[in-house]
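1. sequence? don't have it. structure:
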């Protein structure tokens, strides 16, 4: 998948997360917020030219590790955004697999962070692309 396609997918997932939050589906909102960030992180890694095997960037742990190593630890992405990606994954796992509902405050945080994260990846990695 190309960078622009991943960012379009991320933007759509962030918008879906907001709709789900607004209709009272906190768990669904966390899921879509995380996937918005996941796709935006994949796009950023691709756009940055980081030496990451495509298979690694398709797994959750592989993507998060590569994002941290190549973009956060190098200073290209703020540490706060790396931490937000990790926290969003924790909330998604809680919502999707652990059976405990995510409260509205955490879901709202995840939706906001997804919007901030996607926008930051677009600005940082797409501004210099044709």
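-> It's in. What you see is a predicted model, and the numbers here were worked out from it, not measured in a lab.
2. got a list of contacts for stretch 42-58?
-> 1-4, 6-7, 10, 62-63, 65-67, 70-71, 76-77, 121, 124-126, 129 (C-beta atoms under 8 Å, 6 or more residues apart in numbering). Quick note: C-beta positions are derived from backbone N, CA and C, even for glycine.
3. Repeat the analysis, applying 6 Å as the threshold.
-> 3, 6, 7, 62, 63, 66, 70, 121, 125 (C-beta atoms under 6 Å, 6 or more residues apart in numbering).
4. Could you check how many residues crowd around the fifth one?
-> Other residues near residue 63 come to 21 when the count uses other C-beta atoms under 10 Å.
5. which element is it on?
-> Residue 63 belongs to helix 60-67 when assigned by DSSP states H and E.
6. Return the angle between stretch directions for the next helix-or-strand element following that helix and helix 60-67.
-> Following helix 60-67 in sequence order, the next helix or strand is helix 79-93 (DSSP H and E). Orientation of helix 79-93 against helix 60-67 (axes from the mean of the first three to the mean of the last three C-alpha atoms, to 10 degrees) gives an angle of 180 degrees.
7. quick one: buried residues of helix 79-93?
-> Buried residues in helix 79-93, counted by 16 or more other C-beta atoms under 10 Å: 81, 82, 84, 85, 87, 88, 89, 91, 92.
8. Give me the contacts around that helix.
-> Residues from elsewhere that reach helix 79-93, judged by C-beta under 6 Å, 6+ apart: 30-31, 33-34, 37, 68, 72, 102, 106, 110, 113, 117, 120.
9. Tell me which two of those residues sit farthest apart.
-> Farthest pair in the contacts of helix 79-93 (C-beta to C-beta) is 72 and 102. Separation: 24.6 Å.
10. wait, what's in contact with the residue nearest the centre of the chain?
-> Central residue of the chain (C-alpha atoms, centre = their mean): residue 37, 1.0 Å from the mean position. Shown in contact with residue 37 (C-beta under 6 Å, 6+ apart): 85, 88, 114, 117.
11. what about it, distance to residue 110?
-> Note on residue 37: its distance to residue 110, by C-beta to C-beta, to the nearest Å, is 9 Å.
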